[in-house]
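1. need coordinates for the below:
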Amino acid sequence: MIRSVVDSIAEKMDYSYKDVCLGLVYPIWVKSQFLPCEHGDVYNARAVPNAKKTSIVYWEDHGSVVQDSCKRYRRVTHILRLIIWINKKYVDIDFDDYVKEVLWSVPRKVGSATVRIKDELPKTVAIFDRYTYNDGKHYVTHPYDVAAFEVRVTHTDGGC
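-> Coordinates of the predicted model:
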């Protein structure tokens, strides 16, 4: 369910500097970073802003909570994280304005689901703790800039 909601949100998002929108992303650990028939660190090559993809926007699933339920319906809140990541070495845009524009483009309603942007997370390496980049510390310093937000998506399964 949440994958289709995130895909719908990503489709509806419209901001001026759209480079790569990955949708819902799951952590990749060291043992799976090297894919068969490909050379090198594939995950780092595909999911880190560089000259070919200077900005990346993606979502992470951080679980769900059942708010209330009965025999006929269930109201669930999914906790997502929206990551906005850019490499300033290859593009000259104001990152704060870019982040605001991306946030404003997130629809507040997708079908029966309500989307609420909650809190901005501190700009630390903890944003990348779920991944095993070779050295994640440098991804929060120049030339990179990153912003992460907690987003809650609430929807009801079934009829009332």
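
2. does the residue nearest the centre of the chain count as helix, strand or coil?
-> Centre of the chain computed as the mean C-alpha position; nearest residue by CA atoms, centre = their mean is Trp59, 2.2 Å away. State at Trp59, reduced to three classes by DSSP: H, G, I helix; E, B strand; the rest coil: strand.

3. quick one: it and Leu80 touch, right?
-> Yes - using CB atoms under 8 Å, Trp59 makes contact with Leu80 at a distance of 5.3 Å. For every residue, glycine as well, the C-beta is placed using N, CA and C.

4. returning to what we had before: per-residue pLDDT, the residue nearest to the centre of the chain?
-> In the prediction, the pLDDT value recorded for Trp59 is 88.

5. what helices or strands is the one helix or strand Thr154 maps to leaning on?
-> Taking DSSP states H and E as the criterion, the element that holds Thr154 is strand 144-158. Helices and strands touching strand 144-158, as assessed by 3 or more CB pairs under 8 Å, 6 or more residues apart in numbering; DSSP states H and E, comprise helix 2-12, strand 55-69, strand 73-87, helix 95-105, strand 113-120.

6. that one versus helix 2-12: what angle between them?
-> 120 degrees (axes from the mean of the first three to the mean of the last three CA atoms, to 10 degrees).
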